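> make a model of this:
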Amino acid sequence: MERLIFNELPLSEEVLKALDKMGFEEATPIQSLAIPPILEGKDVIGQARTGTGKTCAFGIPAVESLDMEVTGMQVLALCPTRELAIQMAEELEQVAKYKKGAGVLAIYGGQSIDRQIMALKKRPQIIVGTPGRVMDHLRRHTLKVENLRMVVLDEADEMLKMGFREDIDEILAQLPEERQTMLFSATMPEEILEITTLYQKEPIHLQTIEKELTVPSIDQYYIEVREHNKLELLSRLVDCKNVKLGLVFVNTKIRADEVTQGLQNRGFRVEALHGDMKQLERDRVMSRFRKGQLQLLVATDVAARGIDVTGIDVVFNYDLPSDEEYYVHRIGRTGRAGSSGVSYSFVFGRDHYRLRNIQRYTKSKILPMKAPTIADVEQVRVEMAIRRVQTKLDKGRYKKYLPIVEEILKMEFPVEEGLEEGLEELGFDPTNRPQYSAEDVAAVLFGMAFDEFDKRSYRRTELDEEPVNIFRHKKDRHGNRGFRDDRGHGDRKEHGGWKHHGDRDEFYKERFDGKKKEKRRDWDELPPYDSKRDRKRRDWDEDGGHGKHSGKTFGKKKDGAYGKKSGKGFAKKKKK
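Residues are numbered from 1 along each chain as shown. Okay, the predicted model is just below:
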């Protein structure tokens with residue numbers, strides 16, 4: 001679709017100046033569709049994925065429609081989380097920056113309500129809040145609605161999923177009937193359609209979602225890893241991929257604290273973000289993350305839609321989400337504003353079924369990926385260090401350190417007390433000190449640069465072993481288990497396992513080849529997978545069975561019976 005240029009829209013000079021200051025020239029698809037009808041006063045249903053500029057899609061017309069001669073709330077925006085309320089208010093403040101007298105206020109739980117009441121007495125025109133706190137102010141009559149012109153439900157599907165349906169109904173019932181109502185959502189369940197029917201007047205449905213729900217510019221991978229190796233794998237990926245700013249999603253608050261502590265012990269700059277944290281602490285963490293002071297942020301799904309930070313390199317699904325929609329919202333934190341991104345999901349066992357459901361829901365492919373080994377990580381770090389050295393050499397910023405290196409080469413390093421006698425016994429002359437070269441000094445300095453990397457304490461695990469098939473089979477009559485697990489056990493014939501089906505087939509072929517071939521089917525006629533039924537047939541053939549199988553009998557056993565279920569017609573009848 002054709003995107004609109006902001007200068008071509010009927011906007012005031014103040015708003016255009018603010019958009020230019022924000023670096024916006026061209027509207028996003030949802031903004032191009034939504035801004036004109038909202039400016040005309042029509043109700044709108046906007047369906048677009050997270051990170052497509054929905055805030056400005058209604059924020060620009062909201063600021064433009066303000067009557068500066070009237071004080072008090074004229075625009076009310078409801079959103080599901082505190083983080084999203086804060087970010088939305090900050091963005092609307094930027095849009096209204098040059099609109100003299102325009103005020104924006106965010107009200108949410110976790111902040112002193114008395115402080116918010118004092119701020120409301122200044123009668124700001126735009127209020128952004130969570131449903132629970134907005135209801136508190138309506139009950140206290142500290143939020144006046146007589147001048148309300150516009151109400152916005154942002155991330156409506158998420159608010160319904162979090163149980164805010166009754167709160168939304170109660171809030172909308174208290175608002176003036178003559179108003180403009182906007183609803184924005186990434187998905188459109190039946191409950192949202194009910195809300196549009198009850199509270200909107202002839203709404204225009206605008207949709208910009210592609211057939212695939214995920215951002216096309218995001219590369220999605222999954223890695224098979226057991227629970228106890230997830231932290232090791234995460235550490236390796238961060239170092240191997242040189243992650244500058246990354247998000248790690250987990251399913252529980254306890255897990256967030258555990259993963260954060262483990263990463264901090266390994267030397268990463270990381271903090272946790274979840275619902276048990278106080279608001280001041282959450283604000284502090286988000287501020288550090290936005291400024292790039294943190295390398296990683298470990299968060300629960302409560303922050304999946306509340307985090308709007310540009311420049312996130314990668315998203316890690318440490319735990320797969322319980323809901324397919326959460327997966328879309330998680331990985332939507334990277335690859336924003338048309339930039340590329342990548343996501344890694346850690347799976348094992350039954351997680352494969354959930355992963356298959358996610359792929360079916362998102363209509364996208366999540367490719368398998370092999371876990372990086374310790375050697376891979378070391379190689380990447382060395383290559384990065386070499387590039388940094390080359391850059392320094394090209395720029396010539398090392399020459400002021402040459403006198404220091406020369407001074408080091410001239411220094412005499414004394415032998416520690418107690419070592420002289422030991423050196424003499426070994427045949428070394430303590431007075432004859434070795435001469436170090438500039439290469440030796442460079443190697444020492446290079447090693448010192450890897451001190452931080454050594455803090456990772458990487459250990460060799462099954463991630464460094466050759467992956468094998470993880471399917472498990474029951475033991476056969478010889479006690480063999482076949483494919484056992486992905487630890488590498490059972491990958492040799494003497495242990496009862498094979499890495500490939502071909503090895504197993506060849507083993508059976510060698511075992512039975514040449515033994516009563518005329519009394520059994522030819523090997524080439526057998527299926528690739530040798531079933532338990534087929535093995536019984538061959539084994540009983542070797543013990544003197546009938547050879548030609550009619551499908552009703554398996555061959556004669558040594559005890560004269562045709563099978564174990566002798567009470568169901570399988571026992572041999574006595575001759576009369």
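> tell me the average confidence for the helix or strand encompassing residue 92?
Residue 92 is part of helix 82-95 when elements are defined by DSSP states H and E. Here helix 82-95 scores 89 as its mean pLDDT.
> may I have that helix exported as CSV, CA atoms only?
Output of helix 82-95 as CSV, limited to C-alpha atoms (Å, rounded to 0.1, in the frame of the first residue of the first chain):
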residue,chain,number,x,y,z
ARG,A,82,2.3,-0.2,33.6
GLU,A,83,5.3,-0.3,31.3
LEU,A,84,3.2,0.2,28.2
ALA,A,85,1.3,3.1,29.9
ILE,A,86,4.6,4.8,30.7
GLN,A,87,6.0,4.3,27.2
MET,A,88,2.8,5.5,25.6
ALA,A,89,2.7,8.6,27.7
GLU,A,90,6.3,9.4,26.9
GLU,A,91,5.6,9.1,23.2
LEU,A,92,2.5,11.2,23.4
GLU,A,93,4.5,13.9,25.3
GLN,A,94,6.9,14.0,22.4
VAL,A,95,4.1,14.5,19.9
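> show me which residues of that helix are buried.
82-89, 91-95 (16 or more other C-beta atoms under 10 Å). Backbone N, C-alpha and C define where each C-beta goes, glycine included.
> let's have those residues in JSON lines, adding distance to residue 207.
Output for the buried residues of helix 82-95, formatted as JSON lines (distance: C-beta to C-beta, whole Å):
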{"residue": "82", "distance to residue 207": "29"}
{"residue": "83", "distance to residue 207": "26"}
{"residue": "84", "distance to residue 207": "22"}
{"residue": "85", "distance to residue 207": "25"}
{"residue": "86", "distance to residue 207": "28"}
{"residue": "87", "distance to residue 207": "24"}
{"residue": "88", "distance to residue 207": "22"}
{"residue": "89", "distance to residue 207": "27"}
{"residue": "91", "distance to residue 207": "23"}
{"residue": "92", "distance to residue 207": "24"}
{"residue": "93", "distance to residue 207": "29"}
{"residue": "94", "distance to residue 207": "27"}
{"residue": "95", "distance to residue 207": "24"}
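> look up the pLDDT of residue 29 for me, please.
Residue 29 carries a pLDDT score of 83 in this model.
> now for it, how many residues are close by?
20 (other C-beta atoms under 10 Å).
> out of the buried residues of helix 82-95, which is nearest to residue 243?
Checking these against residue 243 with C-beta to C-beta, the nearest one is residue 83 at 21.7 Å.
> verify the contact between that closest one and residue 286 for me.
Yes. Under the criterion of C-beta atoms under 8 Å, residue 83 makes contact with residue 286 at 6.6 Å.
> show me what the helix holding residue 92 is packed against.
helix 13-22, helix 54-64, strand 104-107, strand 126-129, helix 279-290 (3 or more C-beta pairs under 8 Å, 6 or more residues apart in numbering; DSSP states H and E).
> to residue 300, which of these lies closest?
Closest among the helices and strands packed on helix 82-95, using C-beta to C-beta: helix 279-290, at 11.7 Å.
> give the buried residues for that closest one.
Neighbour-count burial for helix 279-290 [16+ other C-beta under 10 Å]: 282-283, 285-286, 289-290.
> could those be laid out in TSV, adding distance to residue 61?
Output for the buried residues of helix 279-290, formatted as TSV (distance: C-beta to C-beta, whole Å):
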residue	distance to residue 61
282	30
283	29
285	33
286	28
289	31
290	27
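> now those in JSON lines, with pLDDT and distance to residue 406?
What follows is the buried residues of helix 279-290, written out as JSON lines (pLDDT from 0 to 100; distance: C-beta to C-beta, whole Å):
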{"residue": "282", "pLDDT": "84", "distance to residue 406": "52"}
{"residue": "283", "pLDDT": "83", "distance to residue 406": "51"}
{"residue": "285", "pLDDT": "89", "distance to residue 406": "47"}
{"residue": "286", "pLDDT": "87", "distance to residue 406": "49"}
{"residue": "289", "pLDDT": "90", "distance to residue 406": "44"}
{"residue": "290", "pLDDT": "87", "distance to residue 406": "45"}
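> which of those residues sits closest to residue 28?
The closest of these, once distances to residue 28 are taken by C-beta to C-beta, is residue 290, at 21.2 Å.
> now the closest one: closest residue in space, sequence neighbours ignored.
Nearest residue to residue 290 in three dimensions, chain neighbours excluded: residue 309, at 5.5 Å (C-beta to C-beta, 6 or more residues apart in numbering).
> now do residue 187
Residue 187's closest residue in space is residue 157 (C-beta to C-beta, 6+ apart), at 4.8 Å.
> got the contact list for the one you found?
Going by C-beta atoms under 8 Å, 6 or more residues apart in numbering, residue 157 touches 185-189, 192, 325.
> make sure it is indeed in a strand.
No. Per DSSP: H, G, I helix; E, B strand; the rest coil, residue 157 lies outside any strand segment and is helix.
> do you know how far it is from residue 29?
19 Å (C-beta to C-beta, to the nearest Å).
> residue 333 is in contact with the residue nearest to residue 290, correct?
Yes. If you go by C-beta under 8 Å, residue 309 and residue 333 touch, sitting 7.5 Å apart.
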